[in-house]
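sequence and predicted structure, then a few things I'm wondering about:
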Amino acid sequence: MHWLTRSGWISNSLSLVAGALITLTLSPFNLWPLVFVSCMVLFISLSQLSPRQAAVRSWYFGFGMFASGTSWVYVSIHDYGAAPVPLAALLTVVFVAGLALFLALLGWLWARFLRHDTYSISNALAFAALWVAIEAFRGWFLTGFPWLYIGYSQLNGPLAGLAPLGGVWLISFVLALSSALLLTVCCNRDWRARIGAACIVLSLWSLGFALQSYQWTQASGEPLSVTAIQGNIEQNLKWDPAQIEAQLSLYQSLTLNTPPSDLVIWPETAVPVLKEQAQGYLDSMDRIISRQDSALITGLPLRQNDQHGDLRYYNAITTLGDSDGEYRKQKLVPFGEYVPLQDLLRGVIAFFDLPMSDFARGPSQQAPLQAKGYKIAPYICYEVVYPEFATQLAAQSDILLTISNDTWFGTSIGPMQHLQMAQMRALEAGRWMIRATNNGVSALIDPRGQISVTVPQFEQAVLRGSVVPMQGLTPYLRWQSWPLILLCALCLIPAVLQRRLYVHGV
């Protein structure tokens, strides 16, 4: 293994490949055992490097991870942002290189403050804590990019039972810890350390496996029938004024030609005009849905005054029929829904002037939607990928709902990754999730994170099925990540002290 610990382009290239393996552990590949190979390579390669060298090595790891896992960014920039191939490629590389800096930070912090006795239980605990801290940090910094968490690899793996206990980050912690502890089992010369490491790994994995059969929540009512309309509208037509009437007619006809359901769901911005401009159409649909004793929930753009009295635009959800409430999106997609430094960037290239890229952020305290007497937690597109954010509304609700327009991903792996994250939110909350999208993947997801019903991607389709309102709180909804934060602190603080003793040869 000594050749992994050397500096140089060969070792850096191996680190890049190891990072790329992370993508293969996630949807649609789901080769989750590769997460151990990836984390082990990184752990070994950082064992003897200086802080600067460790930062470089980890950056290569991050570049491989994000270049393979977020390649769909190129599709958004080139196909729908009208950027020429060279510029789209350059922007994608800059995006990936920037995200890789989070992993560079991990390497630098590890070599500078935490690394002590290489193959030991305490070192493994510190590594796992730092890994989770960096995952959480990049999910928060500059609005966050919470993509490619290794915990998602266990949605159908043995550790899935840990999700209701501590969320996707607890699974990430156990995976990183297990990887480092397996190296302790193989490389530590002290048999007591080897046995201790093996016992910890076996205990954690046994717990995760055993909890898969535990039911944290219970039904709070009878099943509700659901119809989700997948319009499959081309992105280049969606905001074309000449196509708006056809789109509205399409959603109306698909709804009316389907047997009535308790809940009818249309995807994100299914109504591609401001609510005030579509009010006549919405009133007509409200009368139809009310006669069917149904509830209709749809995405649309909204224009309202904010708390300061300024007129702002929002990506929103509204309700019709036997339902009530309105929701304004809080987690906005950079460049897609708002442009950072827009005074400098708007007008430079068409990508910075995408339709509806001037949305405002909705207020932080919003109530769940009401439909058929139940509370529904709404998430618009990108919002469902934020673990902690999702818990706030989920804890107040009986059913989860996410509406999206994944057309921006094209035919890439992006939609499958997005679906996997929605499945994890259902598993963490112990609740049914309704997922309605413009072109897929539309699905109903059960409280164990498994897909109950779906329809083909890239097709105009009507999804029909049923969901069950659920009550009760999983430990993750009740306490969120506070127990894990405490655990990580208990792992990191002693490691810092041990590092000081290790450096001074005590």
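Thanks, I have the structure now. Residues are numbered from 1 along each chain as shown.

what's the burial count for the closest residue to residue 305 other than its chain neighbours?
If the residues on either side of it in the chain are set aside, residue 305 comes closest to residue 311, at 5.7 Å by CB to CB, 6 or more residues apart in numbering. C-beta: built from backbone N, CA, C; applies to glycine. Residues near residue 311, counting by other CB atoms under 10 Å, number 9.

I'd assumed residue 274 was in contact with residue 311.
No. Residue 311 is beyond contact range of residue 274, at 11.3 Å (criterion: CB atoms under 8 Å).

for residue 443, what are its contacts?
Neighbouring residues of residue 443 by CB atoms under 8 Å, 6 or more residues apart in numbering: 419, 422, 435, 451-455, 463.

give me the buried subset of those residues.
419, 422, 435, 451, 453-455, 463 (16 or more other CB atoms under 10 Å).

lowest average confidence, helix or strand, in the protein?
Sorting the helices and strands of the chain by mean pLDDT, DSSP states H and E puts helix 342-345 at the bottom, at a mean of 48.

re the thing from before, tell me which two in the buried ones among the contacts of residue 443 are the farthest apart.
422 and 455 (15.0 Å; CB to CB).

quick one: the helix or strand hosting residue 102 to chain centroid distance?
Element membership of residue 102, judged by DSSP states H and E, is helix 85-109. Average the C-alpha atoms of helix 85-109, do the same for its chain, and the two points are 19 Å apart (CA atoms, centre = their mean, to the nearest Å).

also stretch 403-417?
Per CA atoms, centre = their mean, the centroid offset for stretch 403-417 relative to its chain is 12 Å.

same check, this time on stretch 488-504
That offset, for stretch 488-504, works out to 32 Å (CA atoms, centre = their mean).

what do you get for stretch 12-19?
On CA atoms, centre = their mean, the centre of stretch 12-19 falls 24 Å from that of its chain.

for the stretch 151-300 of the chain, which spans come out with low pLDDT?
Residue ranges of the stretch 151-300 of the chain with pLDDT under 70: none are present.

that one: helices as residue ranges?
Using DSSP state H, counting those that start in this stretch, the helices found in the stretch 151-300 of the chain span residues 163-187, 191-211, 235-238, 244-256, 279-291.

kindly reformat those helices as CSV containing distance to residue 392 and mean neighbour count.
As requested, the helices of the stretch 151-300 of the chain are arranged in CSV below (distance: least, CB to CB, whole Å; neighbours: other CB atoms under 10 Å):
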stretch, distance to residue 392, mean neighbour count
helix 163-187, 13, 25
helix 191-211, 23, 15
helix 235-238, 30, 16
helix 244-256, 30, 16
helix 279-291, 28, 15
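
closest one to residue 4 among those?
helix 163-187 (11.4 Å).

averaged pLDDT, stretch 484-501. What do you get?
For stretch 484-501, mean pLDDT rounds to 89.

try stretch 126-146
95.

other residues contacting it?
Against stretch 126-146 from outside (CB under 8 Å, 6+ apart): 39, 43, 99, 102-103, 105-106, 109-110, 114-116, 149-150, 169, 172-174, 176-177, 180, 331-332, 334, 340, 385-388, 481, 484, 487-489, 491-492, 494-495.
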